[in-house]
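In: Could you look at this predicted model? Sequence included:
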Amino acid sequence: MDTSILTVLVQDGITTGAIYALLSLALVLVFSVTRVIFLPQGEFVAFGALTLAAIQNGQAPGTALLLVALGVVTLAVESGTALRLADSRARILRRLPLLVLVQLVYPLALYVLARHVALQELAMPLQIALALGIVVPMGPMIYRVAYQPLAHSSVLVLLIVSLGVHLAMVGLGLLMFGPEGSNTKPFTDLQFTLGDSPVSGQSVIVLVTVAALIAAIYVFFERTLTGKALRATAVNRLGARLVGVGINQAGKLSFAMAAGIGALCGILIAPFTIVNYESGFIIALKGFVGAIFGGLASYPVAALGSVSVGLVESFSSFWASSYKELIVFTVILPILLWRSLTSHHVDEEA
């Protein structure tokens with residue numbers, strides 16, 4: 001190994017580690033707010049990448065039709081709740097026009113747009129915005145249908161639900177996109193040198209995007225009332241409820257943020273690698289390894305752990321490429337052992 005190879009490996013490790021850091025932040029956010037270990041995070045990564053690939057290939061993405069189906073199911077669940085619970089009936093009926101607009105009209109509009117407009121002729125920023133517009137609303141819809149009715153269940157029950165949602169979304173991904181993988185057009189062909197080492201413009205775009213998103217998330221949590229409400233829910237769900245924070249609204253928002261982060265991560269990695277319907281799970285699992293560093297509670301430690309995972313993966317691919325996945329996932333074992341010896345048991349809140 002010489003200096004140029006070392007630079008390339010470090011650059012690749014930091015770039016992939018930044019993606020894992022975003023995914024770990026999403027996993028920590030969802031778990032802190034809802035106590036859900038969000039196994040379907042990887043499917044949002046795959047859906048984001050494959051939706052953009054379909055748009056660039058001039059095809060109507062299957063996710064647009066899935067969004068319509070989820071909207072219909074969500075609207076039916078909301079209507080069923082209104083009919084069952086007399087005290088909720090008037091409140092939901094007042095919200096019915098907004099629900100119809102968000103859950104039905106918006107998905108249908110995107111579906112018609114995807115079917116009848118030459119999306120491949122759009123500028124890439126518009127293609128990315130459309131892909132995010134299709135995938136991100138699935139997050140709160142899935143929370144409303146699958147998780148909200150069981151919001152007060154144990155972590156184990158919520159984990160089983162997550163497994164079911166994950167398997168369902170993997171199957172839907174296979175149905176919508178087929179078994180073949182796809183990648184997207186590069187954001188830029190720019191290449192430049194730093195000293196004697198080559199630097200890819202793609203990597204710079206990824207790092208700048210990740211840094212900007214993390215800064216935006218920090219401002220959101222520190223400076224906005226909604227962000228502070230989410231933080232309060234993460235610290236103490238019961239206390240947040242007592243001071244008027246809507247737990248269900250917090251859950252939907254956390255799922256929307258996780259879906260957005262996952263879809264954006266998929267879009268960022270798609271120019272580097274071929275993504276298929278099930279490859280997002282492995283990518284998100286590496287983000288989960290980073291989240292374990294922070295005990296599914298600390299954002300900075302999770303981000304630092306994720307960058308470490310990216311570096312370990314990069315150097316493992318050079319020294320022992322056949323065993324790189326094994327090495328990456330073995331890193332979690334000493335962390336779990338250390339946490340089991342140093343963490344104190346805390347009873348679940350009611």
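Out: Now that the structure is in, tell me what you want to look at.
In: Helix or strand for the one residue sitting closest to the centre of the chain, just tell me which one.
Out: Nearest to the geometric centre of the chain sits Gly262, at 2.5 Å (CA atoms, centre = their mean). Here Gly262 sits within helix 247-269, counting by DSSP states H and E.
In: Show me which positions of that helix end up buried.
Out: For helix 247-269, the neighbour count (16 or more other CB atoms under 10 Å) marks 247, 250-269 as buried. No exception for glycine: its C-beta is placed from N, CA and C like everyone else's.
In: Can you name every helix or strand that whichever helix or strand comes after that helix contacts?
Out: Downstream of helix 247-269, the first helix or strand assigned by DSSP H and E is helix 279-293. Under the contact definition 3 or more CB pairs under 8 Å, 6 or more residues apart in numbering; DSSP states H and E, helix 279-293 sits against helix 3-34, helix 41-56, helix 247-269, helix 299-319, helix 324-330, helix 332-342.
In: Pull the distance from the third one to the chain's centre.
Out: What that stands for is helix 247-269. Distance of helix 247-269 from the chain centroid (CA atoms, centre = their mean, to the nearest Å) equals 5 Å.
In: show me what contacts Ile282?
Out: Listed by CB atoms under 8 Å, 6 or more residues apart in numbering, the contact set of Ile282 reads 42, 325.
In: Then Leu110?
Out: Taking CB under 8 Å, 6+ apart as the test, what Leu110 contacts is 64, 67, 130, 133-134.
In: May I ask which of the residues you listed has the most neighbours?
Out: Ile134 (28 neighbours; other CB atoms under 10 Å).
In: Stretch 254-272 - what's its average pLDDT?
Out: Averaging pLDDT along stretch 254-272 yields 91.
In: How far does it sit from its chain's centre?
Out: Worked out by CA atoms, centre = their mean, stretch 254-272 lies 5 Å from the chain centre.
In: Output it as CSV, nothing but the C-alphas.
Out: Output in CSV follows, covering the C-alpha atoms of stretch 254-272 (Å, rounded to 0.1, in the frame of the first residue of the first chain):
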residue,chain,number,x,y,z
SER,A,254,-39.9,10.8,12.8
PHE,A,255,-41.0,8.2,10.2
ALA,A,256,-41.2,10.9,7.6
MET,A,257,-37.7,12.1,8.4
ALA,A,258,-36.3,8.5,8.4
ALA,A,259,-38.0,7.9,5.0
GLY,A,260,-36.5,11.1,3.6
ILE,A,261,-33.0,10.3,5.0
GLY,A,262,-33.2,6.7,3.7
ALA,A,263,-34.4,7.8,0.2
LEU,A,264,-31.7,10.5,0.0
CYS,A,265,-29.0,8.0,1.0
GLY,A,266,-30.2,5.7,-1.8
ILE,A,267,-30.0,8.5,-4.3
LEU,A,268,-26.5,9.5,-3.1
ILE,A,269,-25.1,6.0,-3.4
ALA,A,270,-26.8,5.0,-6.6
PRO,A,271,-24.2,6.5,-8.9
PHE,A,272,-21.5,4.5,-7.1
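In: Surely Arg241 and Gln249 touch.
Out: No. Because the distance of 11.3 Å does not satisfy CB atoms under 8 Å, Arg241 is recorded as not touching Gln249.
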